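Asker: What would the 3D arrangement of this be:
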Amino acid sequence: MTTSLVPFGTRFGLFDDLRKEMDNLFNRFFAAEDGGELAQLTTWTPRLNLSETDKAYEVTVDLPGMKPEDFQVELKHGDLWITGERKGETEEKGKTWHRVERYYGQFRRVIALGDDVDPEHVEAEYKDGVLRITVPKAESAQTKRIEIKH
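Answerer: Predicted coordinates:
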């Protein structure tokens, strides 16, 4: 079993993620009275992995059965936005559905990366139902090991 220590104040802490999700929920709810998204709440949330190296953030998102034109990737003010829509199957006359487990509809994922990213060199690749996004860190934010003289 491996254990890891998470530094105090890390950007990817559980409470930061929870706070962002709650903020998004409240923003959507209160914006609904002005024609916002309450009626269009996302119906599914694609699963993703987020990792970090010294030079970049790497995001992998499961989007099976979708085409690249069905979703968008944007970087806004240090937040990575992944939005799109999976179209549902058309209802066929004379067919009785016994089980519906596949998710359809709009989705949105927002990942706070901070201002230490290089927006000009973000790369995204979609292959076999998996979206891979690499967001390089700005040169000033990359970890540099300092030699200690003795």
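Asker: gap between the two ends of stretch 108-126?
Answerer: 17 Å (C-alpha to C-alpha, to the nearest Å).
Asker: Pull the number of nearby residues for Thr134.
Answerer: 15 (other C-beta atoms under 10 Å). For every residue, glycine as well, the C-beta is placed using N, CA and C.
Asker: distance of it from Leu113?
Answerer: Separation of Thr134 from Leu113 (C-beta to C-beta, to the nearest Å): 12 Å.
Asker: which residues do these two both contact?
Answerer: Common neighbours of Thr134 and Leu113 (criterion: C-beta atoms under 8 Å, 6 or more residues apart in numbering): Tyr57.
Asker: need the helices for the protein, in chain order.
Answerer: Taking DSSP state H, the helices of the chain run over residues 14-31.
Asker: With adjacent residues omitted, what lies nearest to the most centrally placed residue in it?
Answerer: Centroid-nearest residue in the chain: Arg109, 3.9 Å away (criterion: C-alpha atoms, centre = their mean). Leaving aside its sequence neighbours, Arg109 sits nearest to Ile82 (C-beta to C-beta, 6 or more residues apart in numbering; 4.5 Å).
Asker: and that neighbour, what does it touch?
Answerer: 46, 48, 59, 61, 71-73, 107-111, 131, 133.
Asker: And for Thr45?
Answerer: Phe107, Arg109.
Asker: Try it again at 10 Å.
Answerer: Glu21, Tyr103, Phe107, Arg108, Arg109 (C-beta atoms under 10 Å, 6 or more residues apart in numbering).
Asker: can you check Phe71 too?
Answerer: So Phe71 contacts 46, 61, 63, 82-86, 107-109, 124, 126, 131 (C-beta under 10 Å, 6+ apart).
Asker: Thanks again, I'm all set now.
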